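Undergrad: What follows is a predicted structure for the sequence shown.
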Amino acid sequence: MSIDYSSIGLRVGIEIHQQLATKEKLFCSCPAELASDETPKREVRRFLKVAKSEVGEVDPAAQYEIMKGRNIIYEVPENHACLVELDEEPPHDLNREAVLITLAIAKALNSTPVDEIEVMRKIVVDGSNTTGFQRTAIVAVGGYLVDDDGLIRIQTICLEEDAARKVDEGRGYVKYNLDRLGIPLIEIATGPDIRSPEQAMRVAFKLGLLLRLSGKVKRGIGTIRQDLNISIKGGVKTEVKGVGRLELIPKVVEYEVSRQLRLLEIRDELIKRGVKESDLPYLMVDATDVFLSSKSRLVSSSLSKGLRIYAAPLKGFGGLLKIELMPGRRFGTELSDYAKAWGGVGGIIHSDELPSYGISEEEREAVFRLLSLDRERDAYVLVISDAESAERALKAVMDRARHALIGIPKETRAANPDGTTRYMRPQPGAMRMYPETDIRPIPVTQELLEEAERLKPPTPEDLLTRLVREHKLAKTLAEQLIRDPLIHTYLNLVEELGDKVQPHVIATTLMIHLKGLKSEGLDVSLIDEQTLKTVLEKVGENILSKDAVPEILREYSLKKGEVSLEELIKKYTGIGVGELEKLIDEVIETLRETLLTKKEKAFNIVMGEVMKKVRGRIDGKVVAETVRKKLKEALGT
Amino acid sequence: MVSRVKVGDRVRVRKGSLVYEGVVLPKSEFSSENVLVIKLDNGYNVGVDVSDAEVEVIEENVVRFHEPGLSRSVVRGGGNLKITFLSTGGTIVSKVDYETGAVRPAITATELLEAVPEFADYASELAVIEFSRLFSEDLTPAYWAELGSEVGRLIESGVDGVLIAHGTDTMTYTASALAFALRNLPVPVVLVGSQRSSDRPSSDSVLNMRASLAIFKEAPFGEVVVCMHGTISDDYVLAHRGVKVRKMHSSRRDAFQSINDAPLARVDFPSMKFKLLNPRFIARGRREDFQTVSKFSDRVALLKFYPGMECGIIDLLVDKGYRAIVIEGTGLGHVRNACVDSVARATEEGVLTVVTTQTIFGRVNMNVYSTGRRLLKAGAIPGHDILSEVAYVKLSWMLGSYPGLERKDYVELFHKNIAYEYNPIHKDSLFPVWSHEY
Ligand SMILES: [Zn+2]
């Protein structure tokens, strides 16, 4: 894709949420750690009071229906939650350690702390907070981050409690584990100052590195979450939640831009076709009769369960539903997301994708006739479900379809693992917040600020100096490293192996060998931190030669895990000089005739044969020396 | 600078290179002197020290903070019960104003209906009376007298149930006062509270109120009960006899439990199924037999004995003109031997001294040890298994409503089981069994 992002007016803002590595949770003394699967747990069941006037979303009625009466089950893991998480005891004072860490990070971002921290309650009625609200507070405002393409403004830095962890969801219930509830989170929100997909990743990386360098944040999967606010000229600001991996960020931005551009094209096409809002009334038609003798397994098995097939006409939408907005996601997929979210149905089937699912061309035509539609110009959607869910689903689909005439709806979307996004919910209006009166306001005193100053994370420049002076890395390598997401892996490995393996071996493995394999086009996804640690550890113990590292990694990736790491390590385990000499003697003996006739090439021939057997198991220089010595002895050359 | 800025004004605060803009809110008792609490447009509040800042009022009184007067309102529903909801204070139902962050009690019938839509299914008429706006710790015997009279009038007017919203801290006291004041109740009177403030979506108040509807509709008893959560889950609410219930935890939603007695009934959720748990109840009386006896004396004291207590404290109360003293004694009902003389003096002065127990569970028995026997001889009245708080309320009611009786008549009245404040049979299942798995 070659899009000129400045000409389409791309604006991106990032919100980073990162768990702080405090000893205790934000409002109680429980450990700020997740429970394990083996942790014994009890269950508590609750309902949340959802006032109609408080849902306040695009279609409050429907959202209210979904939330109302839903049974919320909380798993209470032994020693990981107390009465505070259960909402059975008022919160304790705000965790001082968390405040200090947040202030320290704020300082590093040139942000100004507020004079008094006021904790707020932000209404959240999905059950992920036992109270029905999330506690959050602004700790600092303003500030900036220096990026290659200019300053990125920081808007706010908040301290808030993490939500409970969803473990299950089904009809009429949702289940959460309380271990994560109350773990302190820092939220850093930048201004909409990012202008390209690559810059978005770079800024997220820089913020992540800064957090990491504080040494006071959690590490590992699920401890950091990135949200993106993306807009283009003529489009809207879309919120994308939960981008887990850094490398995904440019894709998420590209795909969202593509989606918005395509949606604007669809709008223009609809206008060109003269489609009006009055052409799109909500109409639900029972089309089950058309499919009574359908050969589609999907249809027949659904009908046998007592479900029915409902159709809704989309006048003027013929051919538009199959337009691809993002890789693998068509306009029809967007409509389907709405049906799923609002109606709780499995999805929709639309006329642009038929015949398929075993539904025949004749059946497709019959529905067109049933709805009195033009099969070239118009389209329709089908929902297989009970009447009540179908009605909610189709109403949502029609609302979405009507919005296509105006442009792009304001949505909160969720990131998929491939960088595409899916509809999650409409963007909430003004946040429903009110003061948390159970917690005293916290004055940001001189004493707190001085203490925070001591926790201020080193800058990337400080890190560079450390890599060169203490880790003895070449300056160019160190410079590359601090700009690369692999810096995290590097620092983790140095921390764990530092006294056993020289840092430059670790850095070379990551920045030269691993990158080399990647640029050869190898799938290196199998090589995780643990794999690297295992291999490098063997180098530290002198069991492997450092030359063996790239060989093992290459073979491990190529064999896609069919050969275990242990076997590969065994295979490449170093050999001694004695064994090497024996091997060379054997080679010379077998090739004696040839070598005598091609004396000038003897070294190359023997070297080649021997290396085939010992590559990666012993230093090449040692092999060359020994071959030379042996040839001299054997052939007198 | 700060003096001309009022709560409710929209301001712009310039502090160095920073600019805060938003509405000035009332600040908490804990905020520092120079701090302005400002609600920013993103919904957050921040505290800004304005001693070194430039404050500009952009618009005055953007938001007004005012408290409306006590209200009364009525709505009709599709059920067949005439229900009156009476609010004493606190915020059993409240609304949050997200613009100001202010939490205010929602006390109109319409607002109550929005919070608990089930009222419309049970009630033909729902009247909502905001009786007072007081914290439960500020209530007095004089207040019980007024409240008892008001509820009495409501029952005489023919309602099918009175629901009273009350702060939880002193709920036992008020429930007992009503239990003594409202004689031969033809309908249940239910007190509800919330352990989790009602502004939050997780408040327990909604379920507690819903349970009262099943009580009004199905309960065979005519008693004053307290409806609160049975467990920390939202699975059932218990209706406790008002004279036998106690708040046993400072914050849990299942804090209220029956002591030395079984709860009268439970209501399951979401089914709203009513189940009678205690066969020993006072049946609903005939309307013509209903009586209100609602006078309370403030000349009663409740004293907790502790080792080393100076006996002069008892003398002091007698000298101050107190007419009755509840001494919450140790174990089976004891105070130090040195105090027996003070009790004897109180008796001589015509002061009633009731002894209850600090163990909460079980009954006093002053015959077992010599100290108990000496106290009885000095005129101490054993409180059997009555809760100390209930003994206090009962004495206040006796002295207020029946002034000038002989000592022996008072003793007899005190021991008369008026509202089942005594339970002669303690089954072993009435004592809670703690979990010993930690
Ligand atoms: Zn806790």
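TA: It's in. Numbers count the residues shown, from 1 in each chain, chains lettered A, B, ... in the order given.
Undergrad: Got the domain ranges for the chain?
TA: Just so you know, I chose chain A. Chain A breaks down by automatic domain parsing into domains covering A:17-193, A:271-413, A:460-571, A:577-635.
Undergrad: oops, chain B please
TA: Segmentation of chain B into domains, based on automatic domain parsing, reads B:2-59, B:72-292, B:300-415.
Undergrad: so where does B:E328 fall, helix or strand?
TA: Assigning secondary structure by DSSP states H and E places B:E328 in strand B:324-329.
Undergrad: Also B:W434?
TA: No secondary structure element spans B:W434, as it lies outside all helices and strands (assigned by DSSP H and E).
Undergrad: Need phi/psi at it.
TA: Backbone dihedrals for B:W434, given as degrees, to the nearest 10, come out at phi -70, psi 150.
Undergrad: residues touching it, list them.
TA: B:W434 sits next to no residue when contact means Cβ atoms under 8 Å, 6 or more residues apart in numbering or on different chains. In short, each C-beta sits where N, CA and C put it, glycine included.
Undergrad: what's the burial count for B:P279?
TA: Per other Cβ atoms under 10 Å in any protein chain shown, the neighbour tally for B:P279 reads 8.
Undergrad: circling back: next, format the domains of chain A as a markdown table and append distance to B:G8, mean pLDDT and mean neighbour count.
TA: As requested, the domains of chain A are arranged in a markdown table below (distance: least, Cβ to Cβ, whole Å; pLDDT from 0 to 100; neighbours: other Cβ atoms under 10 Å in any protein chain shown):
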| stretch | distance to B:G8 | mean pLDDT | mean neighbour count |
| --- | --- | --- | --- |
| domain A:17-193 | 17 | 90 | 20 |
| domain A:271-413 | 31 | 94 | 18 |
| domain A:460-571 | 46 | 88 | 17 |
| domain A:577-635 | 76 | 86 | 15 |
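Undergrad: how about those domains in JSON lines, adding distance to B:E223?
TA: Output for these, formatted as JSON lines (distance: least, Cβ to Cβ, whole Å):
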{"stretch": "domain A:17-193", "distance to B:E223": "28"}
{"stretch": "domain A:271-413", "distance to B:E223": "42"}
{"stretch": "domain A:460-571", "distance to B:E223": "66"}
{"stretch": "domain A:577-635", "distance to B:E223": "87"}
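Undergrad: For B:L277, find the nearest of those domains.
TA: Ranking the domains of chain A by distance to B:L277, with Cβ to Cβ as the measure, places domain A:17-193 first at 20.6 Å.
Undergrad: any bit of that closest one sitting next to chain B?
TA: Yes. Using Cβ under 8 Å from any Cβ of the partner chain, we find that domain A:17-193 touches chain B at A:44-54, A:69, A:83, A:86-90, A:112, A:114-118, A:120-123, A:125, A:130-133, A:136-138, A:141-142, A:156, A:158.
Undergrad: Out of those residues, which sit inside strands?
TA: Within those, residues falling in strands by DSSP state E are A:44-46, A:112, A:116-117, A:120-123, A:133, A:136-138, A:141, A:156, A:158.
Undergrad: Just give me the residue closest to the centre of chain B.
TA: Within chain B, the residue whose C-alpha comes closest to the C-alpha centroid is B:M171; the distance, by Cα atoms, centre = their mean, is 1.8 Å.
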